[in-house]
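1. Following is a predicted model, sequence given first.
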Number of protein chains: 2
Amino acid sequence: MAQLARIYPLHSTLEGFTPYHPQAQVCLACGVRQFALFGVLDEEALQSIHLRIADLTLQPGDHLYDGEEPGGAVYTLRSGVIRLERSSEAGERRILRLAGRTDLIGLESLLGQTYASDAVACTPVQACRIPRALIEELWADHPELARDLMKRWQRALDDAEEWLTELARGSARHRMLRLLLKLSEFSDPAGGVWLPTRQEMGAMLDLTFETASRVLSALRRDGVVEVLDSRSASLSMPHLLAALNEEGRGR
Amino acid sequence: MAQLARIYPLHSTLEGFTPYHPQAQVCLACGVRQFALFGVLDEEALQSIHLRIADLTLQPGDHLYDGEEPGGAVYTLRSGVIRLERSSEAGERRILRLAGRTDLIGLESLLGQTYASDAVACTPVQACRIPRALIEELWADHPELARDLMKRWQRALDDAEEWLTELARGSARHRMLRLLLKLSEFSDPAGGVWLPTRQEMGAMLDLTFETASRVLSALRRDGVVEVLDSRSASLSMPHLLAALNEEGRGR
DNA sequence: CGAAAACTTGATTAGCATCAAACCAGGTGG
DNA sequence: CCACCTGGTTTGATGCTAATCAAGTTTTCG
């Protein structure tokens, strides 16, 4: 069985021989598993949980969950980009950070809390829904899962703090350059990066969409970005890094 | 023994009778223990750890730890205010959030990571240093400690995100009002709040110190704050909340 | 093909940074 | 005790950056 797993039962051609439930096959073959939460689990353990993990597909604009909602699950992202956003008390939307492939979001639900922000798809997204109860059970059997979860929390905290120091300060140009650098982390293998709408850029950088547009146009003229189609671009990393370096003062 | 603990051995007058080590007495009598990490431990368990917890006193400007430093301990704050700050890649200092009484900081050290930011005293501070190794041992015996730690992480994340949505956007006046609201969380029983230097305010709100000074002066004229001495003030909460409400647009 | 949404660009204005000067409190040394 | 210095603070004058208001253009989608 374990051997079969290693050769990917998804592609097995033995008729009538289906040792694994379809979702288990997906989990076993999943490209993010080694980075994801269940790296600590072996195939056998996976067998027992696959039934309870749902595979989700979202279109841009779809909400994975909303803030204040009683959180029942965490989500692993298998592809695409999710934005985590909040409304300020004054009613303005602000994007707090981005999550991509291998990220685990909605951790706060594990503590019995409501979600702390809205999670909205920016691109087509594939995600796995992992119910809180399942995590609790796994945790009981595999205490080392706790440390894994803590690392996730720390990563989220690091991201938030980096966002605060690098994307929420300095001139509009500086912020946009840092945003492009951040977006390059989410680039697909082909090299193209997802390009947010100008509205989204504004909500990330605390700029108006007009300013975002102007600054981006300037960077295009400087050869830092090339806009491919309206939702993707290619970056010139040398130009980008050079532009970031030659800023005497950030503001 | 347990009974003695309940009546606070610190004040015991029985000569020559010292069932507890001095630091254990401090821990037992500690006003923040019920809110702090060791709420889950009973007096007996406390007995075994007191020797390894150090009591620290810091003056304003002293560093509890520094970013990039190999983290060997977490710290519980018993009084005073600590600022967590980072330098951006461009070299500018930015204050990320504040920590006060009952807060636990330096969690990242538990994961074997270096500290993610500098922790600097803003006021006189009393803190307890809890070595990483001690937490690891306690964790082995009291697995429920893990959930406690996760709650701490989530609190830190919430704080960071609140800071991003409420203090890192909107007009200078709006930011200052939100900062005063935040500072009121750290007010002492007498009702006075700690007043940061204008430099510090600037580093928190991403403003120059001149702008911070101007805005604060305006709020003083509006009756929102009264500056007592250079490092403390008293707030008029009604004025403060009114000022926050009557902002048509945040920016 | 037409309407709506997203984007770009221009003109003007508001708000904050910058540069500069004066003020004040606390501390030091004569 | 006072003269002096230093670091934090306040306030003023000016300029730059990004917000605002306003067209006009391109893209998307029914």
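-> Cool, the structure landed.
2. C-alpha from now on. contacts and neighbour counts both.
-> Will do.
3. Residues of chain A that sit close to DNA strand C?
-> Residues of chain A lying close to DNA strand C by C-alpha under 7 Å from any atom of the strand are A:196-199, A:209-211, A:213-214, A:216-217, A:230-231, A:249, A:251.
4. min pLDDT across those, which one?
-> On pLDDT alone, residue A:249 ranks lowest of the residues of chain A next to DNA strand C, at 37.
5. on that earlier part again, what about the residues of chain A next to DNA strand C, which are in helices?
-> Of those, the ones assigned to helices by DSSP state H are A:198, A:199, A:209, A:210, A:211, A:213, A:214, A:216, A:217.
6. Tell me who's in contact with residue A:112.
-> Listed by C-alpha atoms under 8 Å, 6 or more residues apart in numbering or on different chains, the contact set of residue A:112 reads A:70, A:71.
7. residue contacts, residue A:113?
-> Residue A:113 touches A:70, A:71, counting by C-alpha under 8 Å, 6+ apart.
8. where does chain A have low pLDDT?
-> A:1-48, A:248-251 (pLDDT under 70).
9. Okay, and the beta partners of residue A:82?
-> Note on residue A:82: beta-bridge partners residue A:99, residue A:121, judged by DSSP bridges.
10. before we move on, back to that, tell me the one of the ones in helices among the residues of chain A next to DNA strand C nearest residue A:128?
-> Residue A:128 lies nearest to residue A:199 out of these, by C-alpha to C-alpha, at 28.0 Å.
11. okay but the closest one is in contact with residue A:208, surely?
-> Yes: Residue A:199 lies in contact with residue A:208 (C-alpha atoms under 8 Å); the separation is 7.5 Å.
12. hey, what's in contact with both of these two?
-> Common neighbours of residue A:199 and residue A:208, counting by C-alpha under 8 Å, 6+ apart, are absent.
13. quick revisit: scan the residues of chain A next to DNA strand C and report the most crowded one.
-> Greatest neighbour count in these, by other C-alpha atoms under 10 Å in any protein chain shown, goes to residue A:216: 23 neighbours.
14. That one and residue A:179 touch, don't they?
-> No: the pair residue A:216 and residue A:179 fails to qualify as a contact (C-alpha under 8 Å) at a distance of 10.8 Å.
15. Could you pull out the helices in chain A for me?
-> For chain A, the helices defined by DSSP H occupy A:2-6, A:22-29, A:43-47, A:132-141, A:145-162, A:172-184, A:198-205, A:209-221, A:237-245.
16. And these: which comes nearest DNA strand D?
-> Of all these, helix A:172-184 sits nearest to DNA strand D, with 3.6 Å by C-alpha to the nearest atom of the strand.
17. ok, and what's touching that closest one?
-> With C-alpha under 8 Å, 6+ apart as the test, helix A:172-184 has contacts from A:166-169, A:193-195, A:205, A:207, A:211-212, A:215-216, A:235, A:240, A:243-244, A:250.
18. Which among these count as buried?
-> Among the contacts of helix A:172-184, those classed as buried by neighbour count (16 or more other C-alpha atoms under 10 Å in any protein chain shown) are A:166-169, A:193-195, A:205, A:207, A:212, A:215-216, A:235, A:240, A:243-244, A:250.
19. What about DNA strand D: which of those touch it?
-> Answer for those near DNA strand D (C-alpha under 7 Å from any atom of the strand): residue A:207.
20. Okay, and the beta partners of residue A:94?
-> residue A:86.
21. so it touches residue A:201, yeah?
-> No: shown here, residue A:94 and residue A:201 do not form a contact pair, counting by C-alpha under 8 Å, at 10.0 Å.
22. Around DNA strand D, which positions in the stretch 51-200 of chain A sit nearby?
-> Within the stretch 51-200 of chain A, the residues that sit near DNA strand D (C-alpha under 7 Å from any atom of the strand) are A:170, A:171, A:172, A:173.
23. Put the buried members of the residues you listed into a ChimeraX selection.
-> Here is the ChimeraX selection string for the buried members of these, based on 16+ other C-alpha under 10 Å:
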select /A:170,172,173
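24. and the gap between residue A:158 and residue A:50?
-> Residue A:158 sits 31 Å away from residue A:50, going by C-alpha to C-alpha, to the nearest Å.
25. out of the ones in helices among the residues of chain A next to DNA strand C, who's nearest residue B:67?
-> Of all those, residue A:216 has the smallest distance to residue B:67: 33.2 Å, by C-alpha to C-alpha.
26. Please determine how far that closest one is located from chain B.
-> Residue A:216 is 21 Å from chain B, where distance means C-alpha to the nearest C-alpha, to the nearest Å.
27. Could you count how many residues lie near the closest residue to residue A:157 other than its chain neighbours?
-> If the residues on either side of it in the chain are set aside, residue A:157 comes closest to residue B:157, at 5.4 Å by C-alpha to C-alpha, 6 or more residues apart in numbering or on different chains. As a burial measure, residue B:157 scores 22 neighbours (other C-alpha under 10 Å).
28. so residue B:157 makes contact with residue A:159?
-> No: using C-alpha under 8 Å, residue B:157 is not in contact with residue A:159, being 9.7 Å away.
29. any common contacting residues for the two?
-> Counting by C-alpha under 8 Å, 6+ apart, nothing touches both residue B:157 and residue A:159.
30. show me what contacts residue A:195?
-> Taking C-alpha under 8 Å, 6+ apart as the contact definition, residue A:195 lies against A:183, A:230, A:231, A:232, A:233.
31. Could you pull up phi and psi at the third one?
-> Its backbone dihedrals place residue A:231 at phi -110, psi 10, with angles given as degrees, to the nearest 10.
32. From residue A:184, how far off is the closest residue to it other than its chain neighbours?
-> Closest residue to residue A:231 apart from its sequence neighbours, by C-alpha to C-alpha, 6+ apart: residue A:195 at 4.8 Å. Distance from residue A:195 to residue A:184, counting by C-alpha to C-alpha: 10 Å.
33. next one: residue A:88
-> The gap separating residue A:88 from residue A:184 is 28 Å, by C-alpha to C-alpha.
34. Which members of the contacts of residue A:195 are the farthest-apart pair?
-> Using C-alpha to C-alpha, these reach their maximum pairwise distance at A:183 and A:230, which is 15.1 Å.
35. residues from the stretch 101-250 of chain A in reach of chain B?
-> The stretch 101-250 of chain A comes close to chain B at residues A:108, A:111, A:116, A:146-147, A:150-151, A:153-154, A:156-158, A:160-161, A:164-166, A:168-169, A:206, A:249-250, as judged by C-alpha under 8 Å from any C-alpha of the partner chain.
36. Filter the residues you listed down to the buried ones and express that as a PyMOL selection.
-> Buried members of these can be picked out in PyMOL with the line below, counting by 16+ other C-alpha under 10 Å:
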select buried, chain A and resi 108+116+146+150+151+153+154+156+157+158+160+161+164+165+166+168+169+206+250
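37. Need the helices of chain A in JSON lines (columns: distance to residue A:100).
-> As requested, the helices of chain A are exported to JSON lines (distance: least, C-alpha to C-alpha, whole Å):
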{"stretch": "helix A:2-6", "distance to residue A:100": "26"}
{"stretch": "helix A:22-29", "distance to residue A:100": "18"}
{"stretch": "helix A:43-47", "distance to residue A:100": "23"}
{"stretch": "helix A:132-141", "distance to residue A:100": "21"}
{"stretch": "helix A:145-162", "distance to residue A:100": "12"}
{"stretch": "helix A:172-184", "distance to residue A:100": "10"}
{"stretch": "helix A:198-205", "distance to residue A:100": "16"}
{"stretch": "helix A:209-221", "distance to residue A:100": "23"}
{"stretch": "helix A:237-245", "distance to residue A:100": "20"}
